[in-house]
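Colleague: Can you look at this prediction? I've put the sequence above it.
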Amino acid sequence: MPLQFDPLGFSSWLRHWVSSFLRQGCCFKIHSGFEVRVWSDPWLPHADCFIPKPRCLNTRMLEDTRVNDFFLPGTRVWDEMKVHQTFAEGDADCIMGLYISNDYGPDRLLWTLDPKGTFSTRSAYHLVGASEASSPLLVPPNFRKHICNLHLQDRLKLLIWKVAWDILPCRSNLNRTLDLGVSNASCVFCELEEESLVHLFFYCPQAVLSWRESPWGLQTNRIVDWSIREWVAALLDPTASLSLPADQAELLIRYGAILMDVIWCSRNQVVHNGKRDDVGTVIRRIHRLYVKHSKAWIVAAPVEIIAWQPPRGSGWKINFDVAIRPDCSFSCCGLQKF
C-alpha cells in the first residue's frame, strides 16, 4: 500500500518523526503499478527521495496518478513517449530502464539498505549515522562517543542528544512536525517569543538568568542567532566558542544538562499541571542538583593500607586477645621470636 502517514493517528509525535526519517530507505518494487502514486510515493531508484521530477514546472501533476498510467494499454510495458513527455530527462531514462516484475502480485515496499529488501535495526542505524555525518549543522562527528563518555546519568545524556536533534516536543516542534495548528505557540514562561528549544534553554529571560548565575556567568542573550545544535556544540567544546578553559568543558556540559532538565520539567509542570515556579526557585534547584551531581563524580583518594612488618633485629612478638561472654571469659596469648 502507498506510504501514508497521518500525524494525528500516531500515539507519539516522535513516532511520526521516525516514520518520516525511515522514508529515506523505503522504495516500492513495481509489480502491477496500480497501488503506487507517481508524485508522492517512493518508487524510482536513484531519484531524489525515490520520487521522479516532472519534465517542466507546468506539467500537470495529479495526486492520484498511478505508475500503471504510464504502461501501454493492456500491458506492463512502459509507454516511452508518455514517459519522456512527463518526466525530467534523467528520470525518464531511469524509468525506461526500470525492470517490471512478471509477478502479478501487489507492489511491494522494500528497504533499500538491505540486499534482500528487509528492514533491520542495523541498517537503520547506518542510515542515521550517514545522515548525521552529512549534516553541516550537526555537532562534531564524535558527538555520540563524546556524549557516552560524559560523567552524567544516562537520562541526562539522552536529554542532550534529544536537544541536539531538536526533537523535544516543545510547541514549535509540535506545530511544525504534526501541523496541529495550535493558536498559541508562545513560550509558557515569558510569552514573548515562539517556544522553540533554543529560546527555552538559552534566550528566554528565565534561561538567561539561570546561565548568568552559573559559575561562569555566561550571558547567553549576547550571543544571537545560534541554533540549538550550535549551542550544544559550544557546551561540549567551549574552548573556541565560549573562550573557556578546556578543563571546564565537563563541568559546563554537566551544568547545561541539569539546567535544561530543570527548565524542561518546570515547563511541563506549567503546561500539564498549571504549577509555576518563580525564577529564584528554578535557579536554586539547578545549583543544588549541580552540586549533588558533581559530588557524585568525585573520585575518592585511595586509602593507604599499612601492612605489618616484622621488627628489625632480634625480638619477640606477642599477640593477645580476649573474648567475654555472659557466663565466662577467655583469653589467649601468642608469642613469637624473631
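Modeller: Received, thanks. Numbering: from 1, shown residues only.
Colleague: continuing past the worst-scoring helix or strand of the chain on mean pLDDT, what's the next helix or strand?
Modeller: Each helix and strand of the chain was given a mean pLDDT (mean pLDDT, DSSP states H and E); the minimum falls on helix 13-22 at a mean of 65. Reading on from helix 13-22 to the C-terminus, the next helix or strand found by DSSP states H and E is strand 26-29.
Colleague: Quick one: distance of that next one to the chain centre.
Modeller: 26 Å (CA atoms, centre = their mean, to the nearest Å).
Colleague: Alpha carbons only: can I get that strand in PDB?
Modeller: The C-alpha trace of strand 26-29 is given here as PDB (Å, rounded to 0.1, in the frame of the first residue of the first chain):
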ATOM      1  CA  CYS A  26      12.000   2.800   1.500                       C
ATOM      2  CA  CYS A  27      11.200   2.200  -2.100                       C
ATOM      3  CA  PHE A  28       8.500   0.300  -3.900                       C
ATOM      4  CA  LYS A  29       9.200  -2.600  -6.300                       C
END
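Colleague: and that strand, what does it pack onto?
Modeller: On a contact count with 3 or more CB pairs under 8 Å, 6 or more residues apart in numbering; DSSP states H and E, strand 26-29 meets strand 108-111. C-betas here are computed from N, CA, C, even on glycine.
Colleague: what about dumping the CA coordinates of the strand it packs on to PDB?
Modeller: In PDB, the C-alpha atoms belonging to strand 108-111 read as follows (Å, rounded to 0.1, in the frame of the first residue of the first chain):
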ATOM      1  CA  ARG A 108       6.000  -4.300  -2.600                       C
ATOM      2  CA  LEU A 109       7.600  -1.800  -0.300                       C
ATOM      3  CA  LEU A 110      11.300  -2.700   0.100                       C
ATOM      4  CA  TRP A 111      14.100  -1.500   2.400                       C
END
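Colleague: what ranges of the stretch 51-200 of the chain fall below the confidence cut-off?
Modeller: Scanning the stretch 51-200 of the chain for pLDDT under 70 picks out 57-60, 128-141, 179-183.
Colleague: brain fart, the stretch 201-338 of the chain
Modeller: In the predicted model of the stretch 201-338 of the chain, residues 311, 338 satisfy pLDDT under 70.
Colleague: Tell me where it has helices.
Modeller: Remark: helices assigned in the stretch 201-338 of the chain by DSSP state H, counting those that start in this stretch are 205-212, 228-236, 238-241, 249-268, 279-296.
Colleague: Select, out of the ones you listed, the one closest to Ile95.
Modeller: For Ile95, the closest of the helices of the stretch 201-338 of the chain is helix 228-236, at 37.9 Å, according to CB to CB.
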